[in-house]
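Chemist: Fold the following, please.
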Amino acid sequence: MATNWTTAADLPPLPAYTLTEAPDAISWFPDFYLSAVAPVVAYWVVSGIFHFIDVYDLFPQYRLHTPAEIAQRNRATRYEVFRDVIIQQIIQIVMAVVLGITDPPQMTGQEDYDVAVWATRIRLAQRALPAILGLVGINAASISKNMAISHPLLAGALAGGYYPFLSTSLDTADGTPVPTFATWELMVAKAIYYVLIPAFQFALAVSVLDTWQYFLHRGMHMNKWLYTKFHSRHHRLYVPYAYGALYNHPVEGFLLDTLGAGMAYKVAGMSVKQGITFFICSTIKTVDDHCGYALPWDPLQHLTSNNATYHDIHHQSWGIKTNFSQPFFTFWDRILGTIWKGDTSLKYERSRVNAEEAEAKKNAAKSQ
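Modeler: The predicted structure follows:
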């Protein structure tokens with residue numbers, strides 16, 4: 001049991017709390033294992049859906065490439081792609097286990113205390129309000145006095161966080177009244193604690209991952225040895241498809257994806273459950289970026305400009321030195337001038353025609 005009190009007598013006291021081990025997201029499946037297998041499951045579920053669409057050619061009007069292009073232009077077999085993806089996912093699982101071992105125990109019970117801390121900060125921030133309004137010639141004290149009866153909460157805020165009408169009694173022998181927080185203070189504090197802080201952590205993790213992957217990815221294209229030794233394997237897929245998203249050399253896969261995501265998770269200070277969500281989201285986004293379809297109802301195709309169409313340009317011989325950003329946003333490409341500029345329709349059409357002609361010659365040779 002830990003009891004915490006503020007030293008200022010006019011501030012509401014912080015509640016006591018007892019820490020206990022946080023329950024798992026799935027009661028019968030520990031978070032330790034879930035963090036390892038959930039991204040892998042997400043990868044194969046989403047890529048399986050796209051593979052089903054691909055095999056049965058359900059939406060040919062939204063294909064970025066024709067089946068003939070897949071057959072003629074790719075330099076890796078489906079088996080090779082599947083094998084290397086499995087290898088990378090084994091590495092990912094090992095990394096997830098390492099992260100799980102190094103993570104501190106996930107505890108709960110301190111949430112109300114943390115919310116009260118933020119409510120206290122909000123109360124203290126109100127102390128500066130009269131002085132700030134005074135700088136623009138507004139007499140906050142006079143306004144507060146005039147509206148004390150009609151709008152007591154607003155009056156209290158204008159008075160610098162002074163709410164004499166808000167009090168409660170401690171469960172003690174003397175029942176001494178002590179200050180309490182206004183409802184709006186607790187609502188704002190909860191919004192900060194439960195919404196804004198997790199959103200900031202997620203945004204920070206996304207930024208770290210995007211930054212890591214952009215510069216490492218670009219470096220592998222700028223350095224001939226790195227490209228030839230490692231990254232060229234991924235570019236054997238001139239026509240990307242969903243389950244080939246993690247088709248990489250194992251070293252590149254570890255450095256670019258596994259290490260990058262793990263580092264983003266640690267830098268953002270995420271909890272295990274937040275990390276699971278982040279890993280699943282980044283996995284699904286990566287698969288979607290390689291799906292080979294511009295489906296108008298796919299929300300990930302419209303969430304950011306870094307989508308399947310954008311990344312597909314990078315997989316073409318004429319766009320290979322552009323569009324390095326992945327997996328979420330394109331800000332580094334825009335800032336550093338590596339974004340593709342110009343029309344692509346004629347280039348794509350030429351690739352389609354060449355692939356169709358090569359496929360027709362191949363079929364003709366077989367029939368003879």
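
Chemist: what ranges of the stretch 251-368 of the chain fall below the confidence cut-off?
Modeler: Applying pLDDT under 70 to the stretch 251-368 of the chain picks out no residues at all.

Chemist: Where do the strands of the stretch 1-150 of the chain begin and end?
Modeler: Here the stretch 1-150 of the chain has its strands, by DSSP state E, counting those that start in this stretch, at 20-21, 107-108.

Chemist: Including mean neighbour count and mean pLDDT, could these go into a markdown table?
Modeler: (C-beta placed from N, C-alpha, C; glycine too.) Formatted as a markdown table, the strands of the stretch 1-150 of the chain follow (neighbours: other Cβ atoms under 10 Å; pLDDT from 0 to 100):
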| stretch | mean neighbour count | mean pLDDT |
| --- | --- | --- |
| strand 20-21 | 10 | 96 |
| strand 107-108 | 12 | 96 |
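
Chemist: Kindly present those as TSV, with separate columns for distance to residue 278.
Modeler: Formatted as TSV, the strands of the stretch 1-150 of the chain follow (distance: least, Cβ to Cβ, whole Å):
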stretch	distance to residue 278
strand 20-21	22
strand 107-108	20
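
Chemist: Quick one, which of those strands gets closest to residue 58.
Modeler: Minimum separation from residue 58 across those (Cβ to Cβ) falls at strand 107-108, 44.8 Å.

Chemist: in its sheet, what does that closest one sit against?
Modeler: According to DSSP bridges, strand 107-108 has the following sheet partners: strand 20-21 (antiparallel).

Chemist: Off-centre distance for the partner strand?
Modeler: Chain-centre distance of strand 20-21: 27 Å, with Cα atoms, centre = their mean, to the nearest Å.

Chemist: what comes into contact with it?
Modeler: For strand 20-21, the external contacting residues (Cβ atoms under 8 Å, 6 or more residues apart in numbering) are 105-109.

Chemist: do the same with stretch 212-221
Modeler: So stretch 212-221 is contacted by 226-227, 230-231, 252, 255-257, 260, 263-264, 320-321, 324-327, 332-333, 338 (Cβ under 8 Å, 6+ apart).

Chemist: for the strands of the stretch 1-150 of the chain, which one sits closest to residue 182?
Modeler: strand 107-108 (26.1 Å).

Chemist: Outside of the closest one itself, list whatever touches it.
Modeler: 19-23.

Chemist: Would you write out the PyMOL command that picks the buried residues out of the contacts of stretch 212-221?
Modeler: A single PyMOL command is used to select the members of the contacts of stretch 212-221 judged buried by 16 or more other Cβ atoms under 10 Å:
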select buried, resi 226+227+230+231+252+255+256+257+260+264+324+325+326+327+332+333+338
